[in-house]
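Novice: Okay, predicted coordinates and the sequence, questions at the end:
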Amino acid sequence: MDIFLKVVLLIFSVGLIAVVLLQKGKSAGLSGAISGGAEHLFGKTKARGMELVLQRVTVGLAAGFFIMSILVAVLVD
C-alpha cells in the first residue's frame, strides 16, 4: 500500500513539474514585472485555449499532489 501511494505521489509530482514547464511566462522579464505585472494580477487578460487547459490541469495536479503528500505522511510510517 505504501509503495502504491509513493508511486502515485511520484506521478503527480512529475506531472506537475511537466505542466508548469509547458506554460509560458506571464511577464516579459524585469520590465514586465515592474510595469505590466498588475495587468496579469487583476485579470485583464483571460486565458484561452491551451493556456486555459494547462492552467486547469495545473490546479488539478497541485491539489492531487497536496492530498497525496498528506496521505503518504499520515499513512506511511
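Specialist: Perfect, thanks for sending it. Numbering: from 1, shown residues only.

Novice: Pull out the buried positions in the longest helix seen in the chain.
Specialist: With secondary structure taken from DSSP state H, the chain has its longest helix at helix 50-75. Buried residues in helix 50-75, defined by neighbour count with 16 or more other Cβ atoms under 10 Å: 54, 57-58, 61, 64-65, 68. C-beta here means a position set from N, CA and C on the backbone, and glycine is covered the same way.

Novice: can I get the residues you listed in TSV with pLDDT and distance to L22?
Specialist: As requested, those are exported to TSV (pLDDT from 0 to 100; distance: Cβ to Cβ, whole Å):
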residue	pLDDT	distance to L22
L54	93	6
V57	96	9
T58	96	9
L61	97	12
G64	96	17
F65	97	16
M68	95	21
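
Novice: residues touching the residue nearest the centre of the chain, list them.
Specialist: Centroid-nearest residue in the chain, with Cα atoms, centre = their mean: T58, separated by 3.6 Å. By Cβ atoms under 8 Å, 6 or more residues apart in numbering, the residues touching T58 are 16, 19-20, 23.

Novice: Just these: which are in helices?
Specialist: Per DSSP H, the contacts of T58 map to helices at 16, 19-20.

Novice: circling back: between the contacts of T58, which has the most around it?
Specialist: Among the contacts of T58, the one with the most neighbours (other Cβ atoms under 10 Å) is V19, at 19 neighbours.

Novice: And it, how far from G25?
Specialist: 15 Å (Cβ to Cβ, to the nearest Å).

Novice: Same question for R56.
Specialist: According to Cβ to Cβ, R56 stands 19 Å off from G25.

Novice: Same question for D2.
Specialist: Look at D2 and G25: by Cβ to Cβ, they are 38 Å apart.

Novice: neighbour count winner among those two?
Specialist: D2 (10 against 7).

Novice: so what's the closest residue to that one other than its chain neighbours up against?
Specialist: Spatially, and ignoring its direct neighbours in sequence, D2 is nearest to V76 (4.2 Å; Cβ to Cβ, 6 or more residues apart in numbering). Shown here is V76, whose contacts under the criterion Cβ under 8 Å, 6+ apart are 2, 5-6.

Novice: Just the pLDDT for V76.
Specialist: What the model reports as pLDDT for V76 is 82.
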